[in-house]
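Engineer: Okay, here's the prediction I keep looking at, along with the sequence it came from:
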Amino acid sequence: MELIWNLVFEICDLFVIWFLEFICILELGSWSLNKLVNILWFTWKDRKNPLAGGAEVVSGELAKRLAKRGHKVIILTAGFAGAKHEEKTGGYRVVRVGNRWSVYLAAFIYYKRHLQGWADIVIDEINTIPFFAKYFVKEKNILVCYQLCREIWFHQMFFPLNLLGYVIEPFYLWLLKDRTVITESRSTKLDLIKHGFSKTKIQVISVGTEFPRAKKINIKGKFKNPTLLYLGTLRSMKRPDQTIKAFEIAKNKIPALQLVIAGQGKGLYSRFVNFMVKNSAFADSISLLGRISNKKKVTILRESHLLLATSVKEGWGLTVTEAASQGTPAVVYDVDGLRDAVLHNKTGLVCRKNNPNTMAENIVKILKDKKLYNRLRKNAWKESKNVNFGRSCKEFMRIIKLIS
């Protein structure tokens, strides 16, 4: 019976994807053919940046799909060690100037010298600090904002820049509040409204995963021992240290419990996480994998029993959706982005208190109740079909059409 239902869900999934693509062609196809546009995208990180995360996956996938439809896309971004100044990837151009700190001035200069007047639409991506494109480009321009910083300032920056950033963020948002904004979650939309943006000018689009959704889910494909997964960079705002603490608490109740940490980082905090792992009473039950390939990521997501997410704030919990697409539910903190990605008690659990003790309670609750676990993982997998880049591209193109 389970095989029959899996076949039915697979057919439904294929139909939904086909239908979205058909609608996209039906609504936008003639417009795309008659009015191909040039899109210039300002952002401080591209997909190949060592610090790239979920936001860069979304931007990169959108750029790739826009280019596939015939539009010309240039991503103007910061350089990093070993990076090419310019390259073509996924059908779109990436131009790297300056570094993490100088990219804002360097991008302004490069635009004035080489790209002024080229674009039909300019996108100013707010990822910590905006480029303030509205003040120096003459082309039509919009904002892409996956999340506001707010408390993240105190996790990502050093004093006094963290305090300065926190204080001036509302001011520079006020300067940009007349812009149309594309974002990825209801939480970020509410955040923007609090800072003066008109709700009618905020457009929420879907996100997606960069790899195919599992065709079927099978409990036999999981690790032999119950396994928790942390997937992401080792940064303070992601709080992997709290994931480790939650694991240690839960392991006292489930002795066979394992933890896999997949991600890399640099600096003091990353060293702190490595120190925690090495000095944990359960160090032999923790695997620290570093950065992994997409192929390995899919395997780990599919074989793990639960994904844990303890971030301070997210635009959208993309790793949650990735895990769900492989039949793995999540336990997450009740914060922006994560509460959007998890339907509480349907596709996973959202902690009522954001601390390792509460997360550990939820871990034990799910893993000791097979009926609950199977319900959550099946629901997560089913819901993941509604979050895809086919839908995302359709929504993005509709907004670009209205503006251009």
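Structural biologist: On my side now, so go ahead.
Engineer: C-alpha only now, for contacts and for neighbours.
Structural biologist: Will do.
Engineer: so what pLDDT did G90 get?
Structural biologist: Here, the pLDDT recorded for G90 equals 94.
Engineer: Pass me the low-pLDDT residue ranges in the stretch 51-200 of the chain, would you?
Structural biologist: Residues of the stretch 51-200 of the chain meeting the criterion pLDDT under 70: none.
Engineer: and the residue nearest to R179 when sequence neighbours are not counted, what element?
Structural biologist: Leaving aside its sequence neighbours, R179 sits nearest to I142 (CA to CA, 6 or more residues apart in numbering; 5.9 Å). Using DSSP states H and E, I142 sits in strand 140-145.
Engineer: and for the helix or strand following that strand, what are the contacting residues?
Structural biologist: On the C-terminal side of strand 140-145, the nearest following helix or strand under DSSP H and E is helix 153-156. Helix 153-156 has contacts (CA atoms under 8 Å, 6 or more residues apart in numbering) with 162-163, 165-166, 235-237.
Engineer: just stretch 110-123 next, same as before
Structural biologist: 37-42, 97, 133, 137-144, 400, 404.
Engineer: for this protein, what spans make up the strands?
Structural biologist: Using DSSP state E, the strands found in the chain span residues 38-42, 72-77, 86-89, 92-96, 121-126, 140-145, 181-183, 202-204, 227-231, 258-262, 286-290, 306-309, 330-332, 348-350.
Engineer: Please parse the chain into its domains.
Structural biologist: Using automatic domain parsing, the domain parsing of the chain gives 35-208+388-403, 219-384.
Engineer: and among those domains, the most buried is which?
Structural biologist: With neighbours taken as mean count of other CA atoms under 10 Å, the domains of the chain reach their highest mean count in domain 219-384, at a mean of 20.
Engineer: Could you save the strands of the chain as a markdown table and add columns showing distance to Y172?
Structural biologist: As requested, the strands of the chain are exported to a markdown table (distance: least, CA to CA, whole Å):
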| stretch | distance to Y172 |
| --- | --- |
| strand 38-42 | 17 |
| strand 72-77 | 20 |
| strand 86-89 | 30 |
| strand 92-96 | 25 |
| strand 121-126 | 11 |
| strand 140-145 | 13 |
| strand 181-183 | 14 |
| strand 202-204 | 17 |
| strand 227-231 | 32 |
| strand 258-262 | 35 |
| strand 286-290 | 36 |
| strand 306-309 | 30 |
| strand 330-332 | 31 |
| strand 348-350 | 32 |
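Engineer: how about these, which one is nearest N274?
Structural biologist: Counting by CA to CA, N274 lies closest to strand 286-290 out of the strands of the chain; the figure is 8.2 Å.
Engineer: Relative to L76, how far out is A309?
Structural biologist: For A309, the distance to L76 equals 31 Å [CA to CA, to the nearest Å].
Engineer: contacting residues around the residue most central in space within the chain?
Structural biologist: For the chain, the residue nearest the mean C-alpha position is G54 (2.7 Å; CA atoms, centre = their mean). Contact partners of G54, counting by CA under 8 Å, 6+ apart, are 318-319.
Engineer: change it to 7 Å
Structural biologist: L318 (CA atoms under 7 Å, 6 or more residues apart in numbering).
Engineer: and if you look at V181?
Structural biologist: Here V181 is in contact with 142-145, 201-203 (CA under 7 Å, 6+ apart).
Engineer: for it, which residues make a bridge with it?
Structural biologist: L143, I202 (DSSP bridges).
Engineer: and the gap between the nearest residue to K251 once chain neighbours are set aside and A250?
Structural biologist: Once flanking residues are discounted, K251 sits nearest to L257: 5.5 Å by CA to CA, 6+ apart. Going from L257 to A250 by CA to CA gives 8 Å.
Engineer: Show me what the residue lying closest to R339 once chain neighbours are set aside bridges to in the sheet.
Structural biologist: The shortest distance from R339 to any residue other than its chain neighbours is 6.7 Å, reached at V350 (CA to CA, 6+ apart). Beta-bridge pairing for V350 (DSSP bridges): V332.
Engineer: Go ahead and confirm V350 touches H344.
Structural biologist: Yes. Counting by CA atoms under 7 Å, V350 touches H344, with 5.5 Å between them.
Engineer: Okay, E125 and V58: tell me how far apart.
Structural biologist: 12 Å.
Engineer: anything in contact with each of the two?
Structural biologist: Contacts common to E125 and V58, judged by CA under 7 Å, 6+ apart, are absent.
Engineer: quick revisit: now do the strand holding I142: which elements does it pack against?
Structural biologist: Counting contacts by 3 or more CA pairs under 7 Å, 6 or more residues apart in numbering; DSSP states H and E, strand 140-145 is packed against strand 121-126, strand 181-183.
Engineer: So for R391, which of the strands of the chain sits nearest?
Structural biologist: Short answer: strand 202-204, nearest of these by CA to CA, at 11.7 Å.
Engineer: Run through who's touching that closest one.
Structural biologist: So strand 202-204 is contacted by 180-185, 189 (CA under 7 Å, 6+ apart).
Engineer: Show the contacting residues for V95.
Structural biologist: Here V95 is in contact with 75-77, 85-87 (criterion: CA under 7 Å, 6+ apart).
Engineer: Would you convert these into a markdown table that also reports distance to R65?
Structural biologist: Converted to a markdown table, the contacts of V95 look like this (distance: CA to CA, whole Å):
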| residue | distance to R65 |
| --- | --- |
| I75 | 14 |
| L76 | 18 |
| T77 | 19 |
| H85 | 23 |
| E86 | 20 |
| E87 | 17 |
